[in-house]
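[1] heads up, no residue letters with this:
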């Protein structure tokens, strides 16, 4: 199974967040990214948010 990641820099935000979150499974990455979106960006944890997060996932390792 390939590693997956989400790069916050790809998502427009007033916070200009530069966090990249990675995990070995989609489920683990989705949970961590949802927690980050709620705690840091003030989003509500909704099915729509999780769908957007799934759409922002990439396979492999984040670029440096």
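    Perfect, thanks for sending it. As the structure is a prediction and not an experimental result, all values here were calculated from the model.

[2] how close does residue 63 get to residue 20?
    Using CB to CB, to the nearest Å, residue 63 is found at 9 Å from residue 20. For glycine as for every other residue, the C-beta is placed from the backbone atoms N, C-alpha and C.

[3] higher neighbour count, these two?
    Neighbours per residue, other CB atoms under 10 Å: of residue 63 and residue 20, the larger number sits with residue 20, 16 against 8.

[4] so what does that one look like in phi/psi?
    phi -120, psi 130 (degrees, to the nearest 10).

[5] hmm, residue 8 and it touching each other?
    Yes. Counting by CB atoms under 8 Å, residue 20 touches residue 8, with 6.8 Å between them.

[6] report the contact partners of residue 17.
    8, 9, 11, 40, 41 (CB atoms under 8 Å, 6 or more residues apart in numbering).

[7] so which bits of the longest helix along the chain are buried?
    Looking across the chain with DSSP state H, the single longest helix is helix 26-39. Within helix 26-39, the residues that count as buried by 16 or more other CB atoms under 10 Å are 29, 30, 31, 33, 34, 36, 37.

[8] brilliant, that's me finished.
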